[in-house]
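1. The sequence and its predicted three-dimensional model are supplied below.
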Amino acid sequence: MKQEILIRKLNPIITGWVNYQKYNVSSKAFEKLDYEVYKCLWKWCIRRHPKKSRKWIAKNIFTLLEIELGLLV
């Protein structure tokens, strides 16, 4: 799956979930969501680039995902 497709699929799902949760006491829920999304995206990056080092993935791919998704800081 291409990066753009992944972002297009994730954004409405995450936005909907955030809008649903924003009226609750949600700091723990958002923290959990951030962790789960980070973990899933990291695994996706590793599967997509199996011959690249973790450092290369973090620098080149994961940084771009963070910027485009606007979720991870």
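-> Yes, it's here. Residues are numbered from 1 along each chain as shown.

2. for residue 53, phi and psi?
-> Per-residue torsions, residue 53: phi -80, psi 160 (degrees, to the nearest 10).

3. Could you give the number of residues near it?
-> 9 (other Cβ atoms under 10 Å). To be clear about C-beta, it is placed using only N, CA and C from the backbone, and glycine gets the same treatment.

4. From residue 21, how far off is it?
-> Plainly put, residue 53 is 36 Å away from residue 21 if you go by Cβ to Cβ, to the nearest Å.

5. ditto for residue 8
-> Counting by Cβ to Cβ - residue 8 and residue 21 are separated by 21 Å.

6. Comparing these two, which shows the higher neighbour count?
-> residue 21 (13 against 10).

7. ok, now which ones touch that one?
-> Contacts for residue 21 (Cβ atoms under 8 Å, 6 or more residues apart in numbering) come out as 29, 30.

8. Ok, residue 62 next?
-> 41, 42, 45.

9. Tabulate those (CSV), appending pLDDT.
-> Compiled in CSV, the contacts of residue 62 are given as follows (pLDDT from 0 to 100):
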residue, pLDDT
41, 83
42, 87
45, 87
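
10. Out of these, flag the one nearest to residue 17.
-> residue 41 (15.6 Å; Cβ to Cβ).

11. And that closest one, how far from residue 26?
-> In terms of Cβ to Cβ, residue 41 sits 21 Å off from residue 26.

12. neighbour count winner among these two?
-> Legend: neighbour count by other Cβ under 10 Å for residue 41 and residue 26, higher for residue 41 (20 against 14).

13. So the more buried one versus residue 24, what's the distance?
-> Counting by Cβ to Cβ, the gap from residue 41 to residue 24 is 24 Å.
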